[in-house]
Structure formats: structure tokens, C-alpha cells
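# Coordinates only, no sequence provided:
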């Protein structure tokens, strides 16, 4: 390795966001270097489910961002050499009380007005999509545009393709300092040597706050732990993504949809289920603020299992073979932080996706690549500016 | 739930005694993995794994008829037969043999322990094939009694001398599934390693090895060796699969407190 490296753009972080940014930059012919402290998808991108869920996005800019990005998954499924296991399977959001049902109905109206296809289903309507549900389930809403993807394959596929197009990937390379002179990024100091670069994209997920400190900018991203159970592989049993209304409540902080149980509320418990291409069921999940602790806990595992039995009682006979937890880069309002920094040219933020990283990765990659190379984006990212918090 | 018998490796004492009366199995199984062909092989019910497929087998030498089917079927080659009837300071040990050259009765061989170290000399008394379409050879060797419980294999001095030439002729095992749970071949692992992965967890993400039923109990050490070699790192540096509960598969109903 040469003592001083250089690159047109340096992307900090080898997760799904960094890989997507690198991929779209390379497609435009840019010279890119991904700097990753550990290895590709070693953080949240490798410890999450594969929901590409549109109906759980907040109406407004957030939903428009997600909808704008949905089309890219089809393209990527074609373009990447790795099978990303993309499936346009649709998604269900289940209500267990009449109040939740009412909330979902009102929400469906708003989502429809924004152009999303959403259908409100009664308990008997559900049968076609989900033959057996728990007694508590009163109905739900269905979005045929929801989809799933293998998050690890997506990350590795994007990175590999970027590499083929000329990107360099530095693994086990930690950023130690970012040198700014005359209000412009000049150099990145890493454990593997210095890199001359005038453009740096921070896609460091939960590490973004640390990176921000290097240029004296507070990037308000906190790690939020999400725990998930993995069952043995089984025959196809889930046609669609399935989530409980409480999942949406916890995620978007909607008063009427928060879990009633105090213990569940403390864990940020919300039901999610999907069946992966390999046949395993991923059952989630929690949203906890516990610092950088990424262990799974018996309390949460019990709670997730108990919750899953409420919605899908038949999962009781499946073996749980593993659990995992990932740290989601959580922003104060749960929306991503995208864009430039005031007073420092050449520094771009692509972080804070708060559990929507997989779904929003392609559109984030596309827009950040436009921002870095052209200085403007095809979709307005002003609502995601760092300065909305000030 | 379990009838008589002693758990796994602890049953050797009973086997040792019973071998004075006739041929009996010696079970040296220590892997708590989902595996029970021995139970299915046994016509008399002397070996039991029970409903928890990860348990180590329990063995009752009194019920054993010495047929050797378990020896042929155990995929881990962890069962042997022992016969001490002649009381002449020698024991007859029957081992599974799955190498290329068919042993011949009457040959003098070296017997080796579980680590491949030579123990002593022995004489092949009997060679028979057990099992249907793909039979396993069961080789009975006569060895001094004090070595009887340590014998795990045999080798020929002659072949040892020509080892290098022999090794060249061994067919490649790279197509063999190194991760049996997720059916990932060594060939694929080596292919993936070319990307420059640094840790076992990265390899797991990239290839699915260790993501199945046995969470990497079978494959982890072989993979670590391969990865360390490919990455030019130490075996400690490439780490281990992150250990997450449950250590063994558990029914979701049980985890969720149903009938708990």
C-alpha cells in the first residue's frame, strides 16, 4: 500500500448506505474509496431484517423518498451480480384493537393521498394473504408495493459492483482525523495511512457522531438496539411482510399505536415477521437505547416470542436457532440526515436512517452521488438537512 | 425418558467390563449436535439419543449384541467394538475404515490414537463391509489390552513411506460441503475468501456458513484455519462466530412462555 493514498471521493462506512453511495458514484465514473473500520455489513446492515416497507414511512418527504427509491430495487436486482433476493411480496400491518384499526384506516387515507396503494382489510379479508392469525387480530392494512430484500446480499452486491467499476475498499481501516483547511476537506487520516481527498461522504451509521466530532459538527445520531429472532428454515409460510401496528407506533412515535404493556413499551417492542429466501423466519423486534451494547437479552427474546405468538400462534412449533441485534443509527425525528455542512465544503452526510437504511439505501446512494458530483439533487433533500434540528 | 445406560463417553467403563463376556460397542461421542444415526442403527435399542436430538447418546452394554451397525453408520466415526473374551492380554477392536486401500486380513499395521499418533502395532483379524449401497468397512485388529480404548484408526508403514506420492493422488475435497447445515462447499468458501475478508463473522455474512441449525459447531475450526491462511492473519485475529442465544434450538412456543 502506498504511503499516501488519494481518491476523488472517500466514503466512510462499508454498510448498505456507504456501499450504495459508492455504487452510484462509480456509475457516474467517479473515483471512490470506501473506508471501513471492520468489514462490509459488519454493523446494522448485517444485523437487520429485509423490510422494504413503504406504508410504515411518515407521510410527506420521508414517504416520497422511500417511494422514489422503490424503483431502484428492480434495477439493482438486474444489475448486481449477487442475488439480492428481492421480492415484491407486499406488506401487512395488523391491528389488535379497534382503536388501532381506526388509526390505520385514517393513515391509509393519508398514504393514498400521497399516491401509495394501501388497502384496509377486515379480519376475514386477511385470510387470503395470511390464513391463520391470532384471535386478537382485528384486521389491518395491506400495501402491495411493500417488498423484501436480503440486506447483507444487497450491501455486498453493491460493494462488489462498485469495486468492479474501480472503487477501492479498505477493510479494517479506521478514520482517525479529517483535515479541513480553508473551509474545505483536504485529507483523511486513517490507521492505514493518509488519504488525499477533497470530498468525504459520512455513511458511518452509529459511528457518524464520532466522525462529526472530527470536524466539530454535532451529528445527532444515537445507537438504537433492535433484537431479532431467527427460526429454522421452513416451507414457504409467509407470503407477505407482516408487522403489528405497535411496530409502526414505536417506530414513528404515534400515540395511538404504542404498546399498552409497560414492559413492551420499555423495550420498544413491535411485531415484525418475514420469511427469507432461505426459508428462515425473522421475528422482531425491539427499539432500545442502551448505548453501544449489541448483545441480545433473554427478556427481549422472551418478549419477542410472546408477541409473535399473539399475531401468528402457529409459529410456536418452529425452532428458534439464533438471535441477533443491530444498532440502528437513530436521529431525533427518525428521519435520515442527508446533505452538506455549513462552512465546510466537501463534507456530505448520509446517515441517521433510523432503521430504514435498507429501504432507503438505493435512493440515498443516488441522491448523495448527485449532490457530490453535481451539487444538486433530482429530489429535494432539504427536509433531511442536519439544520432542521437547530 | 431414558431407560438404562450411561451417558456418552462415560459408558466406556461398562463397555470395558462387558467386553469380557462378548463383543460390545464403545461410544466415544462428545459432540452435542443434531445427530442420531446410531440410535436408528441399533436393532436392540442399546443406544438411545431420545427426543432431544442434540443430546449425546446413552449406551447400555447389556443390551448390545455387538452387531457393529452403529460403528458403520456413525458419521463422526465415534463408535467402536471391543472384545476381550480371550483374556490373553490382547483385545479385539473393530474400527470403521473409510480410506482408499482395502485392508487385508492377516496384515500387520500400526494403530493410532485420536490425534493420529502411533500407539503400537496390531494385526488385522477380520475385514467386513456393513451397510447397503455405500457400505463402510469394519476392520477388526488385535492390539494389546492397554491400548484398546485409545485406538481410533490404523495406518500402514508402507504407505506412510510413499506418503507424498499418495497425497498427490487423493481426489480434491473442495466440493465437499464444509457447512452441512447450509450446504456451503469449501470451494465456494475459498472463492468468497478471495474478496479479502478479515474475520469469521464477515465470512459468515458473505457465505451463510454457520448460520444453520448447529451455529457453526461443525465447521468453525476448519473455516478459521482456511480464513487465517487466506487472509495471512493469525487464527486468533480472525475471531470466532459471535455466540448468541439460544445455544441450542428451542421451540418458539417455549421461548414465548407457552407451557413453560
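Good, I have the coordinates. Treat the numbers as computed from the prediction; the structure is a model and nothing was measured. Residues are numbered from 1 along each chain as shown, chains lettered A, B, ... in the order given.
# Show me what from the stretch 1-150 of chain A comes close to chain B.
Neighbours of chain B within the stretch 1-150 of chain A, by C-beta under 8 Å from any C-beta of the partner chain: A:38-42, A:46. C-beta coordinates here come from the backbone N, C-alpha and C atoms, glycine included.
# Export these to TSV and append columns for neighbour count and pLDDT.
Shown next, in TSV, are the residues of the stretch 1-150 of chain A next to chain B (neighbours: other C-beta atoms under 10 Å in any protein chain shown; pLDDT from 0 to 100):
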residue	neighbour count	pLDDT
A:38	18	94
A:39	22	95
A:40	29	96
A:41	28	97
A:42	20	96
A:46	23	96
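# so where is the stretch 101-250 of chain A shaky, pLDDT-wise?
The stretch 101-250 of chain A contains no residues with pLDDT under 70.
# Let me see the ranges of the strands in it.
A:119-122, A:139-143, A:147-148, A:168-170, A:175-181, A:184-190, A:193-196, A:200-202, A:222-233, A:241-244 (DSSP state E, counting those that start in this stretch).
# do the same with chain B
B:6-7, B:24-27, B:47-48, B:58-59, B:79-83, B:90-97, B:108-112, B:118-130, B:136-144, B:153-155, B:177-179, B:184-185, B:250-251 (DSSP state E).
# most neighbours per residue, which of those strands?
Comparing the strands of chain B by mean neighbour count (mean count of other C-beta atoms under 10 Å in any protein chain shown), strand B:24-27 ranks first with a mean of 28.
# Could you tell me the average pLDDT over it, please?
Averaged across strand B:24-27, pLDDT comes to 92.
# try stretch A:378-390
95.
# Give me the neighbour count for the closest residue to chain B within the stretch 101-250 of chain A.
Residue of the stretch 101-250 of chain A nearest chain B, by C-beta to the nearest C-beta: residue A:152 (5.0 Å). A count of nearby residues for residue A:152, using other C-beta atoms under 10 Å in any protein chain shown, gives 24.
# Name the nearest of the residues of the stretch 1-150 of chain A next to chain B relative to chain B.
residue A:39 (3.8 Å).
# How about residue A:86: what's its closest non-neighbour residue?
Nearest residue to residue A:86, sequence neighbours excluded (C-beta to C-beta, 6 or more residues apart in numbering or on different chains): residue A:77, at 4.3 Å.
# which SSE is residue A:346 in?
strand A:344-351 (DSSP states H and E).
# list the helices and strands the very next helix or strand once past that strand packs on?
Next in sequence after strand A:344-351, counting helices and strands by DSSP H and E, comes helix A:357-374. Packing partners of helix A:357-374 (3 or more C-beta pairs under 8 Å, 6 or more residues apart in numbering or on different chains; DSSP states H and E): helix A:16-27, strand A:51-52, helix A:61-79, helix A:151-164, strand A:337-341, strand A:344-351.
# show me the contacts for the residue of the stretch 101-250 of chain A closest to chain B.
A:41, A:45-46, B:205-206 (C-beta atoms under 8 Å, 6 or more residues apart in numbering or on different chains).
# Report the distance from stretch B:22-31 to the chain centre.
12 Å (C-alpha atoms, centre = their mean, to the nearest Å).
# excluding its backbone neighbours, what's nearest residue B:71?
Nearest non-adjacent residue to residue B:71 (C-beta to C-beta, 6+ apart): residue B:79, at 4.9 Å.
# Surely the one you found touches residue B:35?
No. Assessed by C-beta atoms under 8 Å, residue B:79 is found out of contact with residue B:35, at 11.8 Å.
# give me every residue that touches the closest residue to residue A:40 other than its chain neighbours.
Distances taken as C-beta to C-beta, 6+ apart put residue A:14 closest to residue A:40, at 4.5 Å, once the chain neighbours are dropped. Contacts for residue A:14 were tallied using C-beta under 8 Å, 6+ apart; they are A:34-36, A:38-42, A:155, A:159, A:169, A:171.
# let's go with 7 Å and repeat that
By C-beta atoms under 7 Å, 6 or more residues apart in numbering or on different chains, the contact list for residue A:14 reads A:34, A:36, A:39-40, A:159, A:169.
# May I ask which two of these are separated the most?
Greatest spatial distance among these (C-beta to C-beta): A:34 and A:39, at 11.0 Å.
# what residues go with each domain of the chain?
If you meant another chain, say so; for now it's chain A. A:4-46+A:152-220+A:334-389, A:91-144+A:222-330 (automatic domain parsing).
# Not quite, go with chain B.
Split by automatic domain parsing, chain B gives B:6-161, B:173-260.
# is it possible to export these to CSV including distance to residue A:108?
Below are the domains of chain B laid out as CSV (distance: least, C-beta to C-beta, whole Å):
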stretch, distance to residue A:108
domain B:6-161, 45
domain B:173-260, 30
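# Determine which of those approaches residue A:380 most closely.
That would be, of those and by C-beta to C-beta, domain B:173-260, which comes in at 34.8 Å.
# The closest one - what's its average pLDDT?
On average, domain B:173-260 scores 88.
# try stretch A:85-96
Mean predicted confidence for stretch A:85-96 is 97.
# what comes up buried for it?
A:85-87, A:89-96 (16 or more other C-beta atoms under 10 Å in any protein chain shown).
# what about residue 71, how many neighbours?
Unless you meant another one, I'm taking chain A. 11.
# think we crossed wires, I meant chain B
23.
# And residue B:113, by the same measure?
Around residue B:113 there are 14 residues (other C-beta under 10 Å).
# which residues touch it?
B:119, B:150, B:152.
# for those residues, which one is nearest residue A:209?
residue B:152 (55.6 Å).
# Which residue, neighbours along the chain excluded, lies closest to the closest one?
Nearest one to residue B:152, counting by C-beta to C-beta, 6+ apart, is residue B:114 at 4.5 Å.
# ok, back up a step: make a markdown table from the strands of the stretch 101-250 of chain A and add mean neighbour count to it.
Formatted as a markdown table, these follow (neighbours: other C-beta atoms under 10 Å in any protein chain shown):
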| stretch | mean neighbour count |
| --- | --- |
| strand A:119-122 | 16 |
| strand A:139-143 | 24 |
| strand A:147-148 | 25 |
| strand A:168-170 | 21 |
| strand A:175-181 | 16 |
| strand A:184-190 | 18 |
| strand A:193-196 | 16 |
| strand A:200-202 | 30 |
| strand A:222-233 | 23 |
| strand A:241-244 | 27 |
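# May I have the beta-bridge partners of the closest residue to residue A:7 other than its chain neighbours?
Of all residues not flanking residue A:7 in the chain, residue A:33 sits nearest, at 3.8 Å (C-beta to C-beta, 6+ apart). Taking DSSP bridges, one obtains residue A:10, residue A:168 as the residues bridged to residue A:33.
# quick one, what contacts residue A:33?
A:7, A:10, A:167-168, A:170, A:195.
# And these, which is closest to residue B:40?
residue A:170 (51.8 Å).
# Now that closest one. Nearest residue, chain neighbours left out?
Distances taken as C-beta to C-beta, 6+ apart put residue A:35 closest to residue A:170, at 5.1 Å, once the chain neighbours are dropped.
# Check the burial of residue B:31 by counting its neighbours.
Residue B:31: 14 neighbours (other C-beta under 10 Å).
# quick one: it and residue B:76 touch, right?
Yes. Between residue B:31 and residue B:76 there is a contact at 6.4 Å, judged by C-beta atoms under 7 Å.
# Can you tell me which residue of the stretch 51-200 of chain B sits closest to chain A?
residue B:198 (5.4 Å).
# Please apply the same query to the stretch 1-150 of chain B.
residue B:34 (9.9 Å).
# Pull out the buried positions in stretch A:340-347.
In stretch A:340-347, counting by 16+ other C-beta under 10 Å, buried: A:340-341, A:344, A:346-347.
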